[in-house]
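Trainee: Have a look; sequence and predicted model below, questions after that.
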Amino acid sequence: MTQAGPALLLWDAAQIYAAAGGVTALAFLAFGLTRVDPSARGAYGFRPLLLPGLILLWPLVLWRWAVLARGAARPSLGRRYAATHRLIWTVLAVALPLLLLGTLALRQSGPLEAAPVRLGPAP
Amino acid sequence: MSVLYRPVGWTRFKIGYDVVLLGGIALYLLAYMRLGPRLAPVTLPLDGATLAMNAYGTCAFLLVTLALCIGPLARLDNRFLPLLYNRRHLGVMTAVVATAHARAVLGWYFAYSPADPYVAMLGADTGSGHLLGTPFIPFGIFSLLVLWLLAATSHDFWLGFLTPPVWKALHLSLYAAYAALVLHLGLGALQDARGPTLAVLVAASVALVCGLHVAASRRAPAAAPASADWVAVGRLAELPDGRALVVRLPGGAAVAVFRHAGGVSALANLCAHQNGPLGEGRVIDGLLVCPWHGYQYRPDDGCSPPPFTERVATYALRADGENLFVAARPNPPGTRVAPLRPA
């Protein structure tokens, strides 16, 4: 069974998002790139590689374009993410095996399988 | 420093890396296509389309597993660092293989109805209201979107443009994508698996990734207490020549302490170009060289040699007998500190 209504809406929204991303990407490559990043001046070969990211992240691109056009400083990473990594992997080291075991338990031959129910009289 | 962007900064190592990577992917797919039909039950033979989507899908899963293993491996053993620096090529290839899997699925399960294949795919697997039959396609779509996002933002430009904290946060989403991939496989292919091979493969991959990350995080140096003015580096004799030791300071910042020409110097561990790990670089011709893009810094003042203008913070050092200590507070970038010369 398919849910065509919501799926159609989602697909239309994705296409509109991508179209807006395409317009933003072309505008950024034409007018913004060399203003916000001096390393791009005179460099043309890498620009097509930016297109997918510009389309996928166009709201973020517009925000950063506006910020950098005002001459804002570029923050540095400041610290390595050792503590964040440690926390994430402490959680994932427990969660991932549990998720996998959970899906295996759901198998039709697994322990959660419901007893079969006869829907009609025996032939 | 000249940083004109290029599509790919090819080196001999990168070419070799890509050849091995592409060869490995091709071999895996070929072996899967050839051996798959022979291993399938005679009563339930695999059709070509299913075989192809399984081959692409398992290949993408293994590539993500490999990508996730490289980081902790490099932290556990320096010899894996070259794999880390070229990991973006692995990420792009993973996105390509995952896309091939999605294309194969679209071209088989959703290609023969009046509905648009994409609409059919989005609407086909929305759950039955019971645990059994939990949707698995949405987890695959989410993982694919993350892989695309990471591949699309893998060029150097993005780190500077988005800022390192935003770029890093985006790329941490790979962990969520991996969890989604496990669910995609567990709720999808594993529900129908006719033998234990796939379950064992997924379980072993998850165990390997989790085990390596936990082992690497246990080995990471703990930050010094917040009140310390000087932080212990270690014994002078343990400092390798031409290489650095990385020390974590109160607050989490890291310092690269390294020996060169008989002296010892300390610089901030983050390269001024794109926050590369200076402590994983080498001293070449009297300059500390960032392993990511080759930016160079003078050990005594943290400045790039003229005409370049990049600068990183320097740190004071002191020796107490055989033990070496670094100041907890940085000097302003470019401040000259005479190299410590142990007696």
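Mentor: Good, I have the coordinates. In this text, all values refer to a predicted model and were calculated from it rather than measured experimentally.
Trainee: what are the ranges of the helices in the stretch 1-150 of chain B?
Mentor: Secondary structure of the stretch 1-150 of chain B by DSSP state H, counting those that start in this stretch: the helices cover B:12-39, B:48-76, B:81-85, B:87-109, B:117-124, B:137-152.
Trainee: quick one, phi psi at the nearest residue to B:A338 once chain neighbours are set aside?
Mentor: Residue nearest to B:A338 in three dimensions, not counting chain neighbours: B:D300, with 6.5 Å by CB to CB, 6 or more residues apart in numbering or on different chains. From N, CA and C alone the C-beta is placed, and that goes for glycine too. Per-residue torsions, B:D300: phi -80, psi -20 (degrees, to the nearest 10).
Trainee: Local confidence estimate at B:D300?
Mentor: You'll see B:D300 listed with a pLDDT of 91.
Trainee: Next, count neighbours for it.
Mentor: Neighbour count of B:D300, defined by other CB atoms under 10 Å in any protein chain shown: 17.
Trainee: do B:A100 as well
Mentor: 18.
Trainee: What are the neighbouring residues in contact with it?
Mentor: B:Y56 (CB atoms under 8 Å, 6 or more residues apart in numbering or on different chains).
Trainee: Give me the pLDDT for it.
Mentor: 97.
Trainee: And B:L239, by the same measure?
Mentor: At B:L239, pLDDT is 85.
Trainee: Could you do the one 4 residues further on as well?
Mentor: Turning to B:R243, the model gives it a pLDDT of 81.
Trainee: and what of B:E310?
Mentor: 85.
Trainee: Could you pull up phi and psi at it?
Mentor: According to degrees, to the nearest 10, B:E310 has phi -70, psi 150.
Trainee: Count the residues that sit near it.
Mentor: B:E310: 19 neighbours (other CB under 10 Å).
Trainee: wait, what's in contact with it?
Mentor: B:M1, B:C271, B:A272, B:H273, B:Y295, B:Y297, B:C303, B:S304.
Trainee: how about the second one, what does it touch?
Mentor: By CB under 8 Å, 6+ apart, the contact set of B:C271 is B:P277, B:L278, B:C290, B:W292, B:H293, B:Y295, B:E310, B:V312.
Trainee: Quick check: closest non-adjacent residue to the first one.
Mentor: Residue nearest to B:P277 in three dimensions, not counting chain neighbours: B:N269, with 6.0 Å by CB to CB, 6+ apart.
Trainee: Is the one you found in contact with B:L278, as I believe?
Mentor: Yes - using CB atoms under 8 Å, B:N269 is in contact with B:L278, at 5.3 Å.
Trainee: Identify the contacts common to the two.
Mentor: Counting by CB under 8 Å, 6+ apart, the contacts common to B:N269 and B:L278 are B:A256.
Trainee: if we can go back for a sec, just the buried residues of the contacts of B:E310.
Mentor: By neighbour count, with 16 or more other CB atoms under 10 Å in any protein chain shown, these hold B:C271, B:A272, B:H273, B:Y295, B:Y297, B:C303, B:S304 as buried.
Trainee: Got the phi and psi for the last one?
Mentor: Spelled out, it's B:S304. Dihedral pair for B:S304: phi -70, psi 150, per degrees, to the nearest 10.
Trainee: measure the residue nearest to it when sequence neighbours are not counted to chain A for me?
Mentor: On the basis of CB to CB, 6+ apart, the spatially nearest residue to B:S304 that is not a chain neighbour turns out to be B:E310, at 4.3 Å. As judged by CB to the nearest CB, to the nearest Å, B:E310 and chain A stand 12 Å apart.
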